[in-house]
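Colleague: could you work out the structure for the sequence below:
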Amino acid sequence: MNEPVIFNNPEFGEIRIVSISGEPWFVGKDVADALGYSNPRDAMSTHVDDEDKATVAIHDGSQNRNMTIINESGMYSLIFSSKLERAKEFKRWVTSEVLPSIRKNGGYIAGQEGMAPEELLAQALLVAQRTLEEQSVKLSTLEAENRKLMNELHRVPPVDTWSPLEFERMLACAFEQKHEDYITVLYLSRRLGLTYTECFAIETETAKKAYTEKLLTIRGRGAIPLDCLSRQRLRRHLTLDNPGRRLLIPDRRWMSQTVDAFQAFLELYWPYAQEKNRSISNTNPTCRKSYIDGTIKRIPAVRSRGGMI
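Modeller: Modelled structure (predicted):
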C-alpha cells in the first residue's frame, strides 16, 4: 500500500504522487483530468507507453484502491498530447514546484511539515542513504545491460549491412520458427531503415493508415514511403493476426520483453547466417535453399522469457 503525497493547485486541482524506488509516480487520472482529457483511461491507453505506467494499491481516504500511476515520461506524454492551452502552465507548475518539493530531501518524508529541523535532517539523511543504495544497484544493473548490448552489437551487425544471402538465411530461420513478426521486423528494418524497437512500437491504427496511404508515420522521423513488399507485410498482420494496440506485440506482453526475445533470436541464429560459409556462396539457388533448410533443421529451438523463439 502506498501513501500518496497530495498537491493542490487552484487551476489544476488535486494531483496525487507516490514515491517508488525514490522516483515520483503520478496518479494517471489526476494528470489526465488536469489536462482536460474527457476519458482519462483512454488517454493513458493511447498516449502512455506500457513501460511508463503501472497499477498499484493507493490509500484513498478510508480504503485502498488499485490505481494506474505514470512516471515522468508518461506525464510528459500526456502533456504533449493535450490540446488544452494551459498544458504548458501545468508542465511549468509540476517542474518548478511539485517535483522540486518531492526531491528537496532526496524524497518525500511523510509528516515533514510538523517535524523539528533536527528531526527532518535526520530523516532526510536516511532517505538520502537509501536513495544512494538504490541508485548504486540501478547503476550496476545498467552497466551489466550495457555490456550485454555492446556484446550483441559486436556479434550481430545492423540488418542493412547484411549481404543478400545473410538476409535470406535469417528470414529462413524466422520462417522455420514460425515467427511472422520477426520476418516483418527484418523486412521493415532493411527496406525502411527502422530500428527494431521502432518496428515493434508500430501501433495497429498507424499500420492501417500506413497501408491505405502508403506512408508509415514514425515518431520523430515523420512519414516514410512504403514499398509494395512492406505494405504486404503490414497487411498480413492486419488481416490474419487480429492485433491489439500494437501490430506486432500482444497487449499483455511488454515491449522490453519482446525486443529482448528478438535480440536473443538474432544472437542465436546469426552464426548460421553469416556469409563466411563461402562454399555455398556460388551455388545455384536450389542448392542454396537445400543448404539453408538443412542447416535450420539442425538448429534447436530455444525458449526466451516470453516463450519459444
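Colleague: following the helix or strand hosting Thr55, which helix or strand comes up?
Modeller: Element membership of Thr55, judged by DSSP states H and E, is strand 53-60. The C-terminal neighbour of strand 53-60 among helices and strands, as given by DSSP H and E, is strand 63-70.
Colleague: other residues contacting that next one?
Modeller: Applying Cβ atoms under 8 Å, 6 or more residues apart in numbering, the contact partners of strand 63-70 are 1, 18, 20, 25-29, 31, 41, 44, 48, 52-58, 60, 77-78. All C-beta spots, glycine's among them, are computed from the backbone N, C-alpha and C.
Colleague: for the strand holding Thr55, which positions count as buried?
Modeller: Buried residues in strand 53-60, counting neighbours by 16 or more other Cβ atoms under 10 Å, are found at 53, 56, 58.
Colleague: which residues does the second one bridge with?
Modeller: Per DSSP bridges, the residues bridged to Val56 are Met67.
Colleague: show me the contacts for the spatially most central residue of the chain.
Modeller: What sits nearest the mean C-alpha location of the chain, by Cα atoms, centre = their mean, is Met255, with 4.5 Å. If a contact means Cβ under 8 Å, 6+ apart, then Met255 has 49-51, 197, 200-201, 246, 249 as its contacts.
Colleague: just the buried ones among these, please.
Modeller: 50, 200-201, 246, 249.
Colleague: flag whichever of those residues scores worst on pLDDT.
Modeller: On pLDDT alone, Asp50 ranks lowest of these, at 91.
Colleague: isn't that one right up against Gln257?
Modeller: No. Assessed by Cβ atoms under 8 Å, Asp50 is found out of contact with Gln257, at 10.0 Å.
Colleague: what do these two both touch?
Modeller: By the contact definition Cβ under 8 Å, 6+ apart, Asp50 and Gln257 are jointly contacted by no residue.
Colleague: need the buried residues of strand 53-60 in a markdown table with distance to Asn242, can you?
Modeller: Listed next are the buried residues of strand 53-60 as a markdown table, based on distance: Cβ to Cβ, whole Å:
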| residue | distance to Asn242 |
| --- | --- |
| Lys53 | 24 |
| Val56 | 31 |
| Ile58 | 34 |
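Colleague: out of the residues you listed, which is nearest to Phe175?
Modeller: Checking the buried residues of strand 53-60 against Phe175 by Cβ to Cβ gives Lys53 as the nearest, at 34.9 Å.
Colleague: pLDDT wise, what is the closest residue to that closest one other than its chain neighbours at?
Modeller: In space, Lys53 comes closest to Ile70 once its chain neighbours are excluded; the distance is 4.8 Å by Cβ to Cβ, 6 or more residues apart in numbering. Model confidence at Ile70, given as pLDDT, is 93.
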